[in-house]
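K.L.:
please work out how this folds:
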Amino acid sequence: MLHDLARRHVGFAAGEVRRHDDGEFVGKDALLQRMEAGPTRRLATLVINTNDAPAHGGASVRANDRIVGTVTSGVWGCRTNLILAYALLEPDLAVPGSEMTVDIIGEPVPARVIESGPYDPGNARVKA
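P.N.:
Residues are numbered from 1 along each chain as shown. Prediction:
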C-alpha cells in the first residue's frame, strides 16, 4: 500500500506513519507538529462505475463540486470484475459509502469508497 504514496505524499500525511520514538533526529519537532495536526489525506479503495477504462494515477477525484483527492493507481480487478482504484482523499470522505466522481478519459465517472480488499474467494462476507 505504501508504494501508492508519491514522494509529495509523505506517509504521515496519509495516516500511515505512527512511530516516532527513535530518539532525537533532525526535523523531529516538525514531524511531531504535523502528526499532531492529523492526516491531510487517507488512502482509500474506490470502485468505479465504468467498464470503459481504469482510472490512472494523478486523476482528480471530485465531490461537492470540488477536488477532494487524487487517484494513485487503478486497475480492472479480474477476480472481482470491478474497476478499482486507490486514491488519497480528504479524511472525512475516505470512509466506505462515500460517493464521488473520478476523471476518466476527461469525463466524470461515479465512484464509491469501499472496504479495502474486495476479493473474497470463500464468500465469507456473503455468508456472514
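
K.L.:
only C-alpha atoms from now on, for both contacts and neighbour counts.
P.N.:
Will do.

K.L.:
what are the boundaries of the strands in this protein?
P.N.:
Using DSSP state E, the strands found in the chain span residues 42-48, 60-63, 66-77, 82-89, 99-104, 107-114.

K.L.:
specify the beta-bridge partners of Tyr86.
P.N.:
Thr45, Ser73 (DSSP bridges).

K.L.:
compare the strands of the chain and give me the one nearest Lys28.
P.N.:
Closest approach to Lys28 among the strands of the chain is made by strand 42-48 (22.0 Å; Cα to Cα).

K.L.:
same for that closest one, what does it pack against?
P.N.:
strand 82-89, strand 107-114 (3 or more Cα pairs under 8 Å, 6 or more residues apart in numbering; DSSP states H and E).

K.L.:
Leu84 and Pro110: what is the separation?
P.N.:
12 Å (Cα to Cα, to the nearest Å).

K.L.:
rounded mean pLDDT for stretch 119-128, please.
P.N.:
The average pLDDT within stretch 119-128 is 67.

K.L.:
tell me the contacts of Gly97?
P.N.:
Residues counted as contacts of Gly97 (Cα atoms under 8 Å, 6 or more residues apart in numbering) are 112-114.

K.L.:
what number of residues lie near Ile67?
P.N.:
15 (other Cα atoms under 10 Å).

K.L.:
and Asp52, by the same measure?
P.N.:
9.

K.L.:
check contacts around it.
P.N.:
Asp52 touches nothing, counting by Cα under 8 Å, 6+ apart.

K.L.:
ok, now how distant is it from Trp76?
P.N.:
10 Å.

K.L.:
Gly117 now?
P.N.:
For Gly117, the distance to Trp76 - Cα to Cα - is 13 Å.

K.L.:
more neighbours: which of the two?
P.N.:
Trp76 (17 against 8).

K.L.:
check what pLDDT the more buried one gets.
P.N.:
88.

K.L.:
next one: the closest residue to it other than its chain neighbours, what pLDDT does it get?
P.N.:
Closest residue to Trp76 apart from its sequence neighbours, by Cα to Cα, 6 or more residues apart in numbering: Ile83 at 4.4 Å. We have a pLDDT of 92 for Ile83.
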